[in-house]
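[1] mind looking at a prediction? Sequence and model below.
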Amino acid sequence: MTTVWNLSVIYNGLTDPKYEADVKAFEEVVKATESVIEEAKEMNEVKKVETLLLQEEKVFELYIKLMGYVELAQSVDTSNGDLMAQSSRLQKIYSSYAPFATAIQKIYAGIENLDTVLEVSELAKEYSFRLKEMKEDAKYLFSDEVEAMITSMDMFAGGAWNKLQGFMTSTLKVDYDGGQITLPEVRNLAYSPDADVRKKAYEAEVAAYEKIQDGVAFAINNIKTQVTMLSDKRGHKSVLDMTLKQSRLQRETLEAMMEAIKESLPVFRKYLRKKAEMLGHENGLPWFELFAPMGKADKTYTIEEAKEYLTTCFKEFSSQMSDMMARAFDEEWIDFYPKKGKVGGAFCSGVPCLKQSRILTNFDGSFSSVGTLAHELGHAYHNLQIENERILNQDYPMPVAETASTFNEVHLGEYALKQATAEEKLNLLENDLKEQTQVIMDIYSRYLFETAVFEQSKSKFLMAEDLNNLMLWAQKESYGDGLDPNYLNPGMWICKGHYYSANLSFYNFPYAFGDLFALGLYSLFEKEGPSFVEKYNALLNATATCTAEEAGKMVGIDLTDKAFWKAGLDQIAKKVEAFVEL
């Protein structure tokens, strides 16, 4: 079984004639948009909307295919200059589309009888949610020329700073044990069964950040300043309000969830103190012990074994899920192992032109890595549920984007617990709780950190020392006495790419949302059994064309009610008690 993904089914490299032909076609369809808009202005409202929607589809189909390919190739070869050049080339072409996109949105906004158009046109009806959303959002737009300038300049502003962070972290040489390894490799050592290895790896990681922290500080300052400026100029009350609008999420929902999380923090701290006690620490758990394995954890997995385990596990949920997982392994959707120049962490990216996905991991054979595969394959399952929708209806917002992936983690955990011995249960419970700690406690600290960075960067440039201190403050606020204050990790703002997007702020709370929403959905699955799967698939399908609250209502959930979020956190609290008892 191959260990790298197959991108040649999209293009066989940058020299593939099909790649260059599609770039030329992309240029032509973008240029043609201007005349399409002028012609559409003379049409009746139904024909006008249909013509513009079809033109948008042509542009996005080519852009997603081309840029998707380049970004996937870059993620495993970040220092490749040819890929960087092609990324810039595609961004320049797309930036020239920005004034046309703005003009199209303003035309949609100016249609007085939109409901009538939706009744008459089947195409418009399919895009009804999008058309209504664009009509509402048009009030935040600048002129066509200014929108074009912003898109163009972002290539050399927020977009460039984002690439700098990715380049610096992926090429960072970490001094470890007499040699040098990559940042993902040293971070993977946090899961080692050897306590000395975990501590040395932590010390090497923290020391390595000093090599790049000043450059990365420039990246985060300039990105956050750019986002704040544009948010203010567009008329949003705050960057968070802008993000919530992008997320199709009500502030009441976020506040209800965050209040429930804050109230639950003592439960997580209890778990951390117990783990510290079991590992022989008296002042709370040191950071380097967060991922220390406990209980029986001898089992490691080959890729073939991971495939067998996952497909068997998820057959109990849905044969469609299990079959898709088998395809992902067999059809080379996954790039497994860490290597120099490959980005850290893991992600899943849809490839609509193939009706497939591509998954990047840094697989180390642990059960945690199997869990990461389950998580990313959950994203792929979400993509599967929308693959037959029209191309502009395949983009779902941040919070619901983490739902299917986290649902998979929950199912995997429950499946593993059923088969485990007492010692294995301790290990599985602990694996679950350390992941929950990351998704709830660490995400809460990241939310606090990013909120503070946005606020403070309005009035001053945050030096690396300032950012380190803010990260330490956020970790103390969240973890409290659960962690040893002498062993925190001030450089966590450096390695997390989520902070470095000029178009996607606060990519932290969606993980907590996805986790707790998934727990609520999974409790429904346990009650309803196989009949729930059809409703679940329908919910995932709808997420691209509804708000998060509307998705919740499809299965009888009120996301603005703190009691819903507390119920999910109470499930985690029960696992903490079971862990302490074991």
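    All right, it came through fine. Numbering: from 1, shown residues only.
[2] so V4 sits right up against W333, yeah?
    No: look at V4 against W333 with C-beta atoms under 8 Å: they stay out of range, at 10.6 Å. In this view, the C-beta of every residue, glycine as well, is placed from N, C-alpha and C.
[3] tell me which of these two has more neighbours.
    Neighbour count, other C-beta atoms under 10 Å: between V4 and W333, W333 has more, with 23 against 12.
[4] let me see the contact set for the more buried one.
    Residues counted as contacts of W333 (C-beta atoms under 8 Å, 6 or more residues apart in numbering) are 5-6, 327, 356-359, 380.
[5] where are the low-confidence patches of the stretch 201-350 of the chain?
    297-298 (pLDDT under 70).
[6] the strands in it, which residues?
    334-335, 347-351 (DSSP state E, counting those that start in this stretch).
[7] now do the stretch 351-500 of the chain
    356-360.
[8] as a check, name the ranges of all helices in it.
    Along the stretch 351-500 of the chain, counting by DSSP state H, counting those that start in this stretch, helices occupy 367-386, 398-401, 403-419, 422-436, 443-456, 464-479, 492-495.
[9] now render the ones you listed as CSV, adding mean neighbour count.
    Formatted as CSV, those follow (neighbours: other C-beta atoms under 10 Å):
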stretch, mean neighbour count
helix 367-386, 23
helix 398-401, 24
helix 403-419, 22
helix 422-436, 20
helix 443-456, 21
helix 464-479, 20
helix 492-495, 25
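[10] hmm, K355 is touching I386, no?
    No: assessed by C-beta under 8 Å, K355 is found out of contact with I386, at 10.3 Å.
[11] hmm, back to that, deepest-packed of the strands of the stretch 201-350 of the chain, please.
    Per residue and on average, the most neighbours among the strands of the stretch 201-350 of the chain fall to strand 334-335, with a mean of 26 (mean count of other C-beta atoms under 10 Å).
[12] partners of that one, with directions?
    If you go by DSSP bridges, strand 334-335 pairs up with strand 356-360 (parallel).
[13] angle of the top helix by length along the chain against helix 443-456?
    Taking DSSP state H as the criterion, the chain has its longest helix at helix 195-234. Counting by axes from the mean of the first three to the mean of the last three C-alpha atoms, to 10 degrees, helix 195-234 points 40 degrees away from the direction of helix 443-456.
[14] show me what helix 195-234 is packed against.
    Using 3 or more C-beta pairs under 8 Å, 6 or more residues apart in numbering; DSSP states H and E as the contact criterion, the elements in contact with helix 195-234 are helix 158-171, strand 174-176, helix 183-188, helix 239-247, helix 443-456, helix 464-479, helix 492-495.
[15] orientation of that helix relative to helix 464-479 in degrees?
    Angle between the axes of helix 195-234 and helix 464-479 is 100 degrees (criterion: the same axes, to 10 degrees).
[16] which parts of helix 195-234 are buried?
    197-202, 204-206, 208-209, 212-213, 216-228, 230-231 (16 or more other C-beta atoms under 10 Å).
[17] next: stretch 262-278.
    Those would be 264-265, 267-276, 278, for stretch 262-278 by 16+ other C-beta under 10 Å.
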